[in-house]
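In: A structural model of the following input is requested.
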Amino acid sequence: MEGIIVLIVVVVIVVIIFAIYKGDIKRRGDKTQGTIIDIDTRSTTDVYGRVHTSYYATYEFSTPNGTRHTGSKNLGGSSRGLHSGSNVTVYYLPDRPERNTID
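Out: Just a heads-up that it's a prediction; the model follows:
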């Protein structure tokens, strides 16, 4: 029982750190327009036989110097109406554009 509690605490801490990290990119980073280049659909089946689908967006954007970058984001259980060619706002750290996210 104690091991499960420790595991839950660790997972909660990791989720909080991830949320802060993504929020930090939006607060400290620059923003630009990007384009969705792919939406990947992944399905899993749980122990009760229910199918769960997750959507992953791959996008590209350019920094002011013209360098093109790509990023990806787990959109969760909805594609949010995004498709290849959709325009998105991309947030990135200017000194490390590989650290990026979309809304």
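
In: helix or strand for R80, which one?
Out: For R80, there is no host helix or strand (DSSP states H and E).

In: excluding its backbone neighbours, what's nearest it?
Out: Distances taken as CB to CB, 6 or more residues apart in numbering place Y55 nearest to R80, at 7.8 Å, with adjacent residues excluded. For every residue, glycine as well, the C-beta is placed using N, CA and C.

In: so what sits opposite that neighbour in the bridge?
Out: T41, G76 (DSSP bridges).

In: residue nearest the centroid of this protein?
Out: The centroid of the chain falls nearest to K73 when counting by CA atoms, centre = their mean (2.5 Å).

In: which strand or helix spans that residue?
Out: Going by DSSP H and E, K73 is in strand 68-76.

In: show me what the mean pLDDT comes to for that strand.
Out: For strand 68-76, the mean per-residue pLDDT is 97.

In: so how many other residues sit close to Y59?
Out: Using other CB atoms under 10 Å, Y59 has 24 other residues around it.

In: how about the contacts made by the residue nearest to it when sequence neighbours are not counted?
Out: In this structure, Y59 finds its nearest non-sequential neighbour in G34, 4.7 Å apart by CB to CB, 6+ apart. Applying CB atoms under 8 Å, 6 or more residues apart in numbering to G34 gives the contacts Y59, E60, F61, G71, N87, V88, T89, V90, I102.
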